[in-house]
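Asker: What shape does this take:
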Amino acid sequence: MFIDLDFDKEFIINQNIVIPKDYYKDSEVVDINNLHIFGKLYYDSNDTIHGIFDIDGKMIIEDAISLEEIEYPFSIKYDDILEETLKNDENKLDLFEFLWENIVLEVPLKFTEVTNFSEIKGDGWKLISEDEEISNNNPFSDLLKNFDKKE
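Answerer: Okay, the predicted model is just below:
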């Protein structure tokens, strides 16, 4: 998405955008939906490009516990100077790079919607809470008692 820059006026942006899958194929993001950008670009008194944007969307990521694909809504408020990217010796700005750089900052390191940990289990294992780990059902509790004895 390239925007022609004009020194005499501001440029209003209000549109839905589709980010190509190539941008997030090597990231934690599975997909990005409903991406919308609203804001404006203008040259400030120092002849630098200033941008004020609201960026909203929903990214599909894997749940950190269940590994199911879940929807993670995000909202970005941006108010700062943008650097120009010259293309074919014309004043043009590539907004895809700008958008992706800001969206990738919103990707959570770990996110889960799992609330009932007892439902997470497999063949010979189950996920337990910290409270269950401390309970008397610990098969290693007898060994731990030996470590607590002082000689």
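
Asker: Least confident secondary structure element in the protein?
Answerer: Sorting the helices and strands of the chain by mean pLDDT, DSSP states H and E puts strand 85-87 at the bottom, at a mean of 46.

Asker: For the closest residue to residue 121 other than its chain neighbours, give me its contacts.
Answerer: Leaving aside its sequence neighbours, residue 121 sits nearest to residue 127 (Cβ to Cβ, 6 or more residues apart in numbering; 6.7 Å). In this view, the C-beta of every residue, glycine as well, is placed from N, C-alpha and C. With contact set as Cβ atoms under 8 Å, 6 or more residues apart in numbering, residue 127 has these partners: 65, 117, 118, 120, 121.

Asker: neighbours around the first one, how many?
Answerer: Around residue 65 there are 14 other residues, counting by other Cβ atoms under 10 Å.

Asker: ends of stretch 38-50, how far apart?
Answerer: 14 Å (Cα to Cα, to the nearest Å).

Asker: now swap in stretch 109-116 and tell me
Answerer: 21 Å.

Asker: again with stretch 24-31
Answerer: First-to-last residue span, stretch 24-31, Cα to Cα: 8 Å.

Asker: Next, the buried residues of it.
Answerer: By 16 or more other Cβ atoms under 10 Å, the buried positions in stretch 24-31 come out as 24, 29.

Asker: residues in contact with the one residue sitting closest to the centre of the chain?
Answerer: Closest residue to the average C-alpha location of the chain: residue 107 at 1.7 Å, with Cα atoms, centre = their mean. Contact analysis of residue 107 by Cβ under 8 Å, 6+ apart lists 27, 28, 29, 59, 61.

Asker: State the three-state secondary structure for the last one.
Answerer: In three-state terms, and counting by DSSP: H, G, I helix; E, B strand; the rest coil, residue 61 is strand.

Asker: Near the nearest residue to it once chain neighbours are set aside, how many residues? Count them for me, please.
Answerer: In space, and not counting its chain neighbours, residue 61 is closest to residue 72: 5.2 Å by Cβ to Cβ, 6+ apart. Applying other Cβ under 10 Å, we find 18 residues neighbouring residue 72.

Asker: Kindly report the same for residue 66.
Answerer: Neighbours of residue 66 under the rule other Cβ under 10 Å: 14.
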